[in-house]
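Trainee: Predicted model and sequence below, questions to follow.
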Amino acid sequence: MRKPLAFVLTATLALCATLAQAQDTPLRIVVGYAPGGATDRVARIVADKLGSKLGTPVIVENKTGAGGRLSAQAVKAAPANQPTLLLANPAVMLVAPLVFPDAGYDPERDFRPVSHVNSYEFGVAVGSAVPVKELPHLMAWLRANPDKANFGVPATGSLPHFFGLMVGDAAKVRAEVVGYRGSAPLLNDLLGGQVPVAFDTFDSLLPQHEAGKIRILAVSSAKRSPLDAKIPTFKESGMDLAATGWNTFFAPMSMPKAQAERLSGLIVEVMKDPDTQRKFETAKMEPVVATMAQTEAMLKAYRAQWAPVVQRSGFKP
């Protein structure tokens, strides 16, 4: 049934008014982690360039708490007249909704993917007290020393946590996962010998590896990382495993689709900028240029890979 012309005109004018108002209102980018962290750095690099393209300020708001879930809950509730994006990682948009009975949001029902902007890999590292230099030797050492089979991770329920479980299963090692409150305390205990093995993002482990204080044995990407091409992948080390994490912008469903599509196009322009790419590389992060459709496809494939891993683990917060 065709709608009356007056109805169509009214709806079109309402949408145009919403978009015009959004152009005059500062855009908020909400991050669920403290200033200075990897996700926060991504948000601020993009915000700086995006504000120039929008012609309005872009404000980065750090809404910490509950492992990032508070940030997703806040953006879900954002009114249509307050342009707001969430910059989130798999811990917030994949793991939490699977392991918490009520995370307070549904990633697929409450959010629209806007743009995938960076990827990161994981690494496994050992402290100086562990007498191994290659991944197969580490797994043999752990099987021979089951009382020392502890894997440190930056947070329970994080992607490094589940990737560590995948590695342990592949190597038939029954490991105890030890969760920390971030990479800094994890690295302190790895350096001090309180935990023999650490799984964390590659960029977090790399500075201490370069200083010769720990040894990264393998990287989880499909190819060797450009950050240090001397370190082999898990596949090269005999384990058929590959995994990456990501940071992606999401819009609440309250935002008109046309506005989300416009923001996606502008973020793509920002990510193509050579200066943006240099800033990511200086921060030891891999920039990604992805349209809305490409982002949606990535997330679909990612859920198919990781949801069964999280569910099989039986992890409960």
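Mentor: Everything's here; your move.

Trainee: CA only for contacts and neighbour counts going forward, please
Mentor: Fine.

Trainee: In contact with Ala96, which residues?
Mentor: Arg69, Ala103, Gly157 (Cα atoms under 8 Å, 6 or more residues apart in numbering).

Trainee: Kindly report the same for Leu138.
Mentor: Val132 are the contacts of Leu138 under Cα under 8 Å, 6+ apart.

Trainee: Can you pull the phi/psi pair for it?
Mentor: When read as degrees, to the nearest 10, the backbone of Leu138 gives phi -60, psi -50.

Trainee: Helices along the stretch 101-250 of the chain, start to end?
Mentor: For the stretch 101-250 of the chain, the helices defined by DSSP state H, counting those that start in this stretch occupy 107-110, 135-144, 159-171, 183-192, 202-210.

Trainee: What distance do you get for the residue nearest to the spatial centre of the chain to Phe249?
Mentor: Most central in the chain under Cα atoms, centre = their mean is Asn89, positioned 2.9 Å from the mean C-alpha point. When distance is defined by Cα to Cα, to the nearest Å, Asn89 is 9 Å away from Phe249.

Trainee: Scan this structure for its longest strand.
Mentor: strand 111-127 (DSSP state E).

Trainee: What strands line up against that one, and which way round?
Mentor: strand 197-201 (antiparallel), strand 214-219 (antiparallel), strand 244-252 (antiparallel), strand 286-287 (antiparallel) (DSSP bridges).

Trainee: Report the inter-axis angle for it versus helix 135-144.
Mentor: Interaxial angle of strand 111-127 relative to helix 135-144 (axes from the mean of the first three to the mean of the last three Cα atoms, to 10 degrees): 70 degrees.

Trainee: roughly how far is strand 111-127 from the heart of the chain?
Mentor: 4 Å (Cα atoms, centre = their mean, to the nearest Å).

Trainee: What sits closest to the residue nearest to the centre of the chain if chain neighbours are left out?
Mentor: Asn247 (4.8 Å; Cα to Cα, 6 or more residues apart in numbering).

Trainee: Can you verify my assumption that the one you found contacts Val92?
Mentor: No - here Asn247 lies out of contact with Val92, judged by Cα atoms under 8 Å, at a distance of 10.3 Å.

Trainee: Would you mind confirming that Asp200 makes contact with Gly182?
Mentor: No - assessed by Cα under 8 Å, Asp200 is found out of contact with Gly182, at 9.5 Å.

Trainee: so what sits against both of the two?
Mentor: In contact with both Asp200 and Gly182: Pro154, using Cα under 8 Å, 6+ apart.

Trainee: higher neighbour count, those two?
Mentor: Asp200 (27 against 14; other Cα atoms under 10 Å).
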